[in-house]
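Below are the sequence and a predicted model; questions follow.
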Amino acid sequence: MEREEMFPFILLQLGLGEPPGIWVEVGVQLADFGYALLKMLSNWGRLSAVNELVLVDTWRQYDAYREDAANVEDRKQVENFQTSIARLLPFWKKVRFMQVESTRAARLFDDL
């Protein structure tokens, strides 16, 4: 089993997706994980396990995160966001992007 197959496999083994629901990725950058997740689920015929994949990232530079290699200047953040959108186009009906801080996004899921 390839590395990118491991996490979707583990999630399914834990029963996530039964019943199908909303899955959330926090800290998206280039949507590598989200794409790999949806691609693997699709390849396995299990894409129906995900009603919606919500991708949460600010796609903005923050002065407070100087040590974080993903904290690049805003121009690059916009490129990352555009790359994420393009990467997930094959799964467009399954994805939603939220350009907010993770703590703010978490409050939006309180009722779930």
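In hand now; what should we look at? Residues are numbered from 1 along each chain as shown.

Run a quick neighbour tally on Trp92.
A count of neighbours around Trp92, defined by other Cβ atoms under 10 Å, yields 9. Any C-beta I mention is one placed from the backbone N, CA and C, and that applies to glycine too.

is it fair to say it lies in a helix?
Yes. Counting by DSSP: H, G, I helix; E, B strand; the rest coil, Trp92 is part of a helix.

And stretch 25-35, what's buried?
25, 28-29, 31, 33-35 (16 or more other Cβ atoms under 10 Å).

Quick check: the farthest pair among the residues you listed?
Spatial extent of the buried residues of stretch 25-35 (Cβ to Cβ) is set by the pair Gln29 and Tyr35 at 11.6 Å.

my read: Arg87 touches Phe33, true?
No. With contact defined as Cβ atoms under 8 Å, Arg87 does not reach Phe33; the gap is 10.5 Å.

so what's Ile22 bridging to?
The partner list for Ile22 in beta bridges (DSSP bridges) reads Glu52.

can I assume it is in contact with Val54?
Yes. If you go by Cβ under 8 Å, Ile22 and Val54 touch, sitting 6.2 Å apart.

Quick one: the strands in this protein, in order.
In the chain, the strands defined using DSSP state E lie at 21-26, 50-56, 95-98.

Most tightly packed of these?
Mean neighbours per residue, mean count of other Cβ atoms under 10 Å, is largest over the strands of the chain for strand 50-56, with a mean of 19.

how many other residues sit next to Trp59?
Counted with other Cβ under 10 Å, residues neighbouring Trp59 total 20.

So it is in contact with Lys76, correct?
No. The criterion here is Cβ under 8 Å, and Trp59 misses it with Lys76 at 9.5 Å.

what about Phe91, neighbour count?
19.

Which pLDDT value goes with it?
Note on Phe91: pLDDT of 98.

ok, it - contacts?
Residues near Phe91 by Cβ atoms under 8 Å, 6 or more residues apart in numbering: 35, 38, 42, 47, 53.

Tell me the spacing between the closest residue in space to Phe97 that isn't next to it in sequence and Gln13.
Nearest residue to Phe97 in three dimensions, chain neighbours excluded: Leu55, at 5.2 Å (Cβ to Cβ, 6 or more residues apart in numbering). From Leu55 over to Gln13 the distance is 23 Å, taken as Cβ to Cβ, to the nearest Å.
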